[in-house]
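Enquirer: Predicted structure and sequence below. I'll ask about it afterward.
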Amino acid sequence: MSAVKVKTWDDLVGEEYMQEGHGPSWRAMVSQIVEPSLKDAKILDFGCNRGGFLRMLYDAKPFKEAIGVDIACDSVAYANAQKGTRPISYAHNDEIPAHHGSFDFAFSHEVVYLLPDMDAHAREIYDALKPGGVYYLVIGEYAENPLWPRWYSVVSEFSPVPPQNYSLNDIATSFDKAGFDIAINRLNCDEFFPYTAGGDRYIKNPMELVKFMREYMMMFRLVKR
Ligand SMILES: C[S@@+](CC[C@H](N)C(=O)[O-])C[C@H]1O[C@@H](n2cnc3c(N)ncnc32)[C@H](O)[C@@H]1O
């Protein structure tokens, strides 16, 4: 799937806030990975933004090598500057075809609602993975989430990439067609969540925050057949 290039997905303040706000769900993802070790694995993070997930994953469960890709060039440059000595490189999506069939795992967190063609995304990840490779896809923005209709309008206003309106079944159907076995669970976010008094452009009160983090965040485990 070819992708446009944008400077940043969000404004810089928004991206910094996102890095902090995503900590609880990144930690839940890491603890829900079924595989006991990733030490020999090559990993793809699709829609990596500023690269924080792969840095956290490496520090918790070291891997052999990883590539994070994003359409936002400034975010990728920031991610490369922050990686330290970890075996990670960050690049634009155009880099993926050079690694076809070589990834053991792919991850995405809060990305697929921004993709215009879910079938094409499923095929792209299928091609990127080795046979038996696993894609952990985490998403909170989907049609069955009761907060989503309101958020859809907010994202439509500020995002350089227009949001879509996929159901969980739309996602499952695209990955089934592409050749994946599908499993799903709630993302088990179970820690204290930072809350801004008075709410923000998404979360209007503490109950919404807790419901979103504990009930609506979903984690697919998609295995390439
Ligand atoms: C809500 S942010 C999530 C970022 C990151 N995964 C995280 O957990 O913080 C969505 C990201 O998806 C990226 N994105 C949007 N469309 C994309 C596409 N077609 N290919 C790759 N990345 C994309 C955006 O630039 C942005 O960095």
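Expert: That came through, no problem. Owing to the predicted nature of the structure, the values given are computational and were not obtained by experimental measurement.
Enquirer: Would you mind naming what in this structure lies close to the ligand?
Expert: Within the chain, the positions near the ligand by C-beta under 6 Å from any ligand atom are 3, 9, 18, 22, 46-49, 53, 69-72, 75, 93, 109-111, 114-115, 161. (C-beta placed from N, C-alpha, C; glycine too.)
Enquirer: quick one, phi/psi of the residue lying farthest from the centre of the chain?
Expert: Distance from the C-alpha centroid of the chain peaks at residue 198, with 27.2 Å (C-alpha atoms, centre = their mean). Main-chain dihedrals, residue 198, degrees, to the nearest 10: phi 90, psi -10.
Enquirer: Let's see which of the residues of the chain next to the ligand end up in strands.
Expert: Judged by DSSP state E, strands contain the following of the residues of the chain next to the ligand: 46, 69-70, 109.
Enquirer: Of the residues of the chain next to the ligand, grab the buried ones for ChimeraX.
Expert: For the buried members of the residues of the chain next to the ligand, the matching ChimeraX selection, counting by 16 or more other C-beta atoms under 10 Å, is:
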select :3,9,22,46,47,48,49,53,69,70,71,72,75,93,109,110,111,114,115,161
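Enquirer: shaky segments in the protein?
Expert: Low-confidence segments of the chain, defined by pLDDT under 70: 1-4, 9-17, 19-20.
Enquirer: circling back: please determine how far the residue farthest from the centre of the chain is located from residue 24.
Expert: Noted for residue 198: a distance of 20 Å to residue 24, by C-beta to C-beta, to the nearest Å.
Enquirer: How about residue 162?
Expert: Taken as C-beta to C-beta, the span from residue 162 to residue 24 is 27 Å.
Enquirer: more neighbours, these two?
Expert: Neighbours were counted for residue 162 and for residue 24 using other C-beta atoms under 10 Å; residue 24 has more, 18 against 10.
Enquirer: For that one, which residues are in contact?
Expert: Shown in contact with residue 24 (C-beta atoms under 8 Å, 6 or more residues apart in numbering): 189, 191, 193, 213.
Enquirer: List buried residues within those.
Expert: Of those, these count as buried by 16+ other C-beta under 10 Å: 189, 193, 213.
Enquirer: Mind checking which of those land in helices?
Expert: Among the buried ones among the contacts of residue 24, none falls in helices (DSSP state H).
Enquirer: Many thanks, I have nothing further to ask.
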